[in-house]
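Colleague: From the sequence below, what's the structure:
(chains A and B)
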Amino acid sequence: MELFGALGLNVKILIAQFLNFAILLFILYKFGYKPMFALLEDRRKKIEKGISDAEKSSEKLKEIEEKEKKVLAAAKKEAAAIIEKAKEQAEKRQTEIIKRAKEEVGEIINQEKAKIRLEKAKTLKEIKKEVVDLVAISLEKITGEKMDNKKDEELIKKIINSGSGK
Amino acid sequence: MKLNISLSPEVIFNIGWFPVTNSFIWLLALSLFLMIATIIIGGRLKMVPGGIQNLIELIIEGAYSFTESIIGTKKKARRIFPLIFTMFLLIVFANLATFIPGQAAVSVARENGTVPLFRAIMADYGLVFVMTMITIILIQIVAIAVSGPFGYIGRFINLSGIKKFFKGAAKGEFKFGVLAQGFLDFFLGIMDIVGEVAKIISLSFRLFGNMFAGEVLGAVILFLAPFFVPLPFLFLGLLTAIVQAFVFVVLTLIFVSMASELDESAA
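Modeller: I've put the predicted structure just below:
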């Protein structure tokens, strides 16, 4: 135990030194390492989260871009279809209108033609009647006798008809 | 002028029955300094570090990853790190504090001559002994926790080989090779006890010896040639101050990690 004495080992001081070290360790742990590690861990998590968030957002952006492209393409297709349809319809309508116009024109012409024909027939009839009268008067005058009205008319008609029937 | 070299720290005054030594005063002062610094720094930690905090984080993270690389797992490192780093801080600051100039000049008058007021904290074997004992007891606790109380005792008092021989003898087979092996195992177990004691001595006296020798060397050189000549020795002392702190801590770490991996070798 002489060595212990020479080295200055004293139980009281040893205990005091131990207590001192324990308190130091406690304080350093409580106010130093613990908050420090908590902070480091916290920061690590935050950075991790930030990175993952950035990755996620970029992924989402890509997704959205793709969707946009898809939507745009669909819209273009639809627009083209609509335009095509409209063109078709317009063409159809155009032909229809033209057709109708033609028909109308044709109808009008026909009507006019029919009118003309009717008038012609009417005129002819009148002319014929006049001719019959004229012939009858002439014949009366020539023959000098008044023919039986009925006979007369029949005769004239025959003559005219044979004349016009040629 | 007389050279004053004392192996033990000198008692400056007594508080009741408690003898206050010069190194103990400085231990208290240094501890107080470390605590206050820690509380100030710990209370001002910011999420976005700047200046000093960056430096401190760099040191602590570096030390922590070093600890983890030695001890293996993250869980173990988390548990041992506060103790290890506190020891390291205490030793480094204690050693560096000896370079504050003017210390050797101040002495206090006592009944049996003058006593220097300053003494290197780690040149007090008591404190080094306390820290070593903390390490050694920790190692034993870890070893017991890992291999169980019986496995722990069985490591030092190894009778399994001898038991094996007597079991064989009961059946009528006298294998003296087994007996010899058993005695060898027993002897090696006893040697392990010596090894544990040797750990205490090697660990504590390495640090104490280096720091005390540094003190003595400094005093002697200063006594022989006070100007310029002590400079290289001071640089050497600076190197020793950090290296010894590092060595003490790393050895502690290695002992603990060895103790915590015992069951693998035993199984």
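Colleague: got the residue ranges for the helices in chain A?
Modeller: Counting by DSSP state H, chain A has helices at residues A:2-6, A:11-28, A:34-143, A:149-165.
Colleague: which of those helices is buried the deepest?
Modeller: Highest mean neighbour count of the helices of chain A: helix A:11-28, a mean of 17 (counted as mean count of other CB atoms under 10 Å in any protein chain shown). All C-beta atoms are positioned from the backbone trio N, CA, C, and that covers glycine.
Colleague: So which other helices or strands are in contact with that helix?
Modeller: strand B:18-21, helix B:22-43, helix B:74-97, helix B:125-156 (3 or more CB pairs under 8 Å, 6 or more residues apart in numbering or on different chains; DSSP states H and E).
Colleague: can you tell me if the first one touches chain A.
Modeller: Yes: judged by CB under 8 Å from any CB of the partner chain, strand B:18-21 comes into contact with chain A at B:Phe18, B:Pro19, B:Thr21.
Colleague: who does that strand touch, helix- and strand-wise?
Modeller: Taking 3+ CB pairs under 8 Å, 6+ apart as the contact cut, strand B:18-21 packs with helix A:11-28, strand B:11-15.
Colleague: Save these as CSV, and put in mean pLDDT and distance to B:Phe129 too.
Modeller: Below are these laid out as CSV (pLDDT from 0 to 100; distance: least, CB to CB, whole Å):
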stretch, mean pLDDT, distance to B:Phe129
helix A:11-28, 86, 7
strand B:11-15, 77, 18
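Colleague: Output those as CSV; include the columns distance to A:Glu104.
Modeller: Formatted as CSV, the helices and strands packed on strand B:18-21 follow (distance: least, CB to CB, whole Å):
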stretch, distance to A:Glu104
helix A:11-28, 108
strand B:11-15, 132
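Colleague: among these, which is nearest A:Lys70?
Modeller: helix A:11-28 (60.5 Å; CB to CB).
Colleague: and the angle from the closest one to helix A:34-143?
Modeller: For helix A:11-28 against helix A:34-143, the angle by axes from the mean of the first three to the mean of the last three CA atoms, to 10 degrees is 10 degrees.
Colleague: Name the surrounding residues that touch helix A:11-28.
Modeller: With contact meaning CB atoms under 8 Å, 6 or more residues apart in numbering or on different chains, helix A:11-28 is reached by B:17-19, B:21, B:24, B:27-28, B:31, B:34-35, B:38-39, B:82-83, B:85-86, B:89-90, B:126-127, B:129-131, B:134.
Colleague: In PyMOL, select just the buried ones from those residues.
Modeller: Remark: buried members of these, expressed as a PyMOL selection using 16 or more other CB atoms under 10 Å in any protein chain shown:
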select buried, chain B and resi 19+21+24+27+28+31+34+35+38+82+83+85+86+89+90+126+127+129+130+131+134
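Colleague: list the contacts for the residue of chain A found nearest chain B?
Modeller: Among all residues of chain A, A:Gly8 sits closest to chain B, at 2.5 Å; criterion: CB to the nearest CB. Shown in contact with A:Gly8 (CB under 8 Å, 6+ apart): B:Leu7, B:Ser8, B:Pro9, B:Thr21, B:Asp124, B:Tyr125, B:Gly126.
Colleague: JSON lines for the residues you listed, including pLDDT?
Modeller: Shown next, in JSON lines, are those (pLDDT from 0 to 100):
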{"residue": "B:Leu7", "pLDDT": "76"}
{"residue": "B:Ser8", "pLDDT": "76"}
{"residue": "B:Pro9", "pLDDT": "78"}
{"residue": "B:Thr21", "pLDDT": "82"}
{"residue": "B:Asp124", "pLDDT": "81"}
{"residue": "B:Tyr125", "pLDDT": "83"}
{"residue": "B:Gly126", "pLDDT": "83"}
